[in-house]
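Undergrad: Need a 3D model of the sequence below.
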Amino acid sequence: MTDLEEIARNIPLVTDRLMIQLGNDIRGVNIKAVKEEKKGFFSRLWDTIKGSPDQRHIDATLAKNQRRIVKWATEMTEHQRVTNLALTEFAHALGEVRDMAWAAQRTADLARSEVRELAEIVGRAIDTINTRLDEHQWRLDDHDRQLASHRNVLEDHEARLQDLDRRQLRVELWQAGWQEFDDAVRRWEDHGAYRSLPWIVQIVLLAREIASGDAGLHAYVTSDNSYQLRLEQRILASSTTPQWIGRKSLERILNEAVEALPTDDHRQLVAELLGAGVPADDAIPETPLAGALRRAMELRQLPAANRPESVGVVALSNSPYIQGGLTVRDAVRYAVEEQVTAVRQRRETLQKRRTR
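TA: Have a look, this model is predicted:
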């Protein structure tokens, strides 16, 4: 995992994206296992004739790999290396996987023990994740539920104590959010986080990281979005922020971004960090700027004969956006505002799922 840890130091959101990938992958392995269990006798016989034992060996190998990665993800959780939004996403996926894995114990003998062990490891991972989320988010949710269900029966002083405790939790969350915000910006300013990427990609990912962490969670539960303006000001004040004169077309910004990356592997990394390959139900809503960046990165990877002359023009063709170009301040404001709004929408979606 040394290479992965190095990448994560340089691009912190890599661990969040891996959490989402892991959740989707282990869902897929276990859904396949459940489908195999439901096959009839002749279907299973035909699978055997076709070479299904090889496939079962592949499934067992996948399960082993999933166990290893779940253990890694749990370690990342314990060491505070992922945002609380990614943890919430992962916990939701693991809850589904745990149920499916136990249901799949009657699959082919070769994979049975692997699936069972995966379910046990997933259960331990959920416990670890719950422990960290309990620090703030789930305690706040619990207070909301208690106040909603007992407001009419609580004595006045008890209700006031509940409100006081909630205010204290908000203060704690504000402090955690401020510290995490400052740490993230300092990693970018002083330690090179995201610096291997084009500037416009840097600020989109930095904004997403901060919005997905405790600063964004504090804003979500208090409706105080002041961190958004603070982030815009910090980015604009940074010596790393380019200072082009006047306005630059978004088409040009996109073209410069894709050409600044040395290889298609780098472009694919950026595209996936911006949501490529993540099912819509499991993704932060795509925004115009981030979506255009993702499409530009993907278009640039096409064979030269099929590649548009300007990937920026094509990437923007289905995305009504700013006309007349952007100043540096515009670019920062749009990038940050989009990510703050999109992450908040994702939190709302996950909140609805938890309260069903």
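
Undergrad: any low-confidence regions in the stretch 101-250 of the chain?
TA: The stretch 101-250 of the chain contains residues with pLDDT under 70 at 101-171.

Undergrad: Look up phi and psi at L206.
TA: Torsion angles at L206 (phi, psi; degrees, to the nearest 10) stand at phi -60, psi -40.

Undergrad: ok, now how distant is it from S238?
TA: With distances taken as Cβ to Cβ, to the nearest Å, L206 is found 10 Å from S238. For glycine as for every other residue, the C-beta is placed from the backbone atoms N, C-alpha and C.

Undergrad: same thing with G277?
TA: 31 Å.

Undergrad: When these two are compared, which one has more neighbours?
TA: Neighbour count, other Cβ atoms under 10 Å: between G277 and S238, S238 has more, with 15 against 12.

Undergrad: ok now do the more buried one, which residues does it touch?
TA: By Cβ atoms under 8 Å, 6 or more residues apart in numbering, the contact list for S238 reads 188-189.

Undergrad: again, only using 6 Å
TA: Counting by Cβ atoms under 6 Å, 6 or more residues apart in numbering, S238 touches E189.

Undergrad: cool, and Q243?
TA: Residues near Q243 by Cβ under 6 Å, 6+ apart: none.

Undergrad: could you check the distance from it over to L87?
TA: Using Cβ to Cβ, Q243 is found at 37 Å from L87.

Undergrad: just the helices in the stretch 151-300 of the chain please.
TA: 156-191, 199-211, 214-222, 226-237, 250-260, 264-273, 288-300 (DSSP state H, counting those that start in this stretch).

Undergrad: Of the ones you listed, give the one that comes closest to G23.
TA: G23 lies closest, by Cβ to Cβ, to one member of the helices of the stretch 151-300 of the chain: helix 264-273, at 14.4 Å.

Undergrad: For that closest one, list every residue counted as buried.
TA: For helix 264-273, burial by neighbour count (16 or more other Cβ atoms under 10 Å) applies to 266-273.

Undergrad: Give me the contacts around that helix.
TA: Applying Cβ under 6 Å, 6+ apart, the contact partners of helix 264-273 are 13, 17, 201, 261, 294, 297-298, 300-301.

Undergrad: Report the buried members of those.
TA: Neighbour counting over the contacts of helix 264-273 (16+ other Cβ under 10 Å) leaves 13, 17, 201, 261, 294, 297-298, 300 as the buried ones.

Undergrad: Turn the helices of the stretch 151-300 of the chain into TSV, columns for distance to E348.
TA: Compiled in TSV, the helices of the stretch 151-300 of the chain are given as follows (distance: least, Cβ to Cβ, whole Å):
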stretch	distance to E348
helix 156-191	17
helix 199-211	13
helix 214-222	8
helix 226-237	17
helix 250-260	28
helix 264-273	22
helix 288-300	18
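
Undergrad: mind checking which of the ones you listed is nearest N24?
TA: The nearest among the helices of the stretch 151-300 of the chain, by Cβ to Cβ, is helix 264-273 at 11.9 Å.

Undergrad: how big is the angle separating the closest one from helix 250-260?
TA: Using axes from the mean of the first three to the mean of the last three Cα atoms, to 10 degrees, the direction of helix 264-273 lies 130 degrees away from that of helix 250-260.

Undergrad: Helix 264-273 to helix 199-211, inter-axis angle?
TA: Angle of helix 264-273 versus helix 199-211, following the same axes, to 10 degrees, is 40 degrees.

Undergrad: how near is R346 to V332?
TA: R346 is 22 Å from V332, by Cβ to Cβ.

Undergrad: what's the neighbour count on V313?
TA: Neighbour count for V313, taken as other Cβ under 10 Å: 16.

Undergrad: nearest residue to it other than its sequence neighbours?
TA: Nearest non-adjacent residue to V313, counting by Cβ to Cβ, 6 or more residues apart in numbering: E251, 5.5 Å away.

Undergrad: Can you give me the neighbour number for that neighbour?
TA: Neighbourhood size, E251 [other Cβ under 10 Å]: 18.

Undergrad: Renumber starting at 28 from here on
TA: All right, first residue 28 from here; so that's E278.

Undergrad: For V338, see how far away it is.
TA: Distance, E278 to V338, by Cβ to Cβ: 9 Å.

Undergrad: do the same with W226
TA: 18 Å.

Undergrad: Of the two, give the one with the bigger neighbour count.
TA: A direct count of neighbours by other Cβ under 10 Å for W226 and V338 places V338 higher, at 25 against 20.
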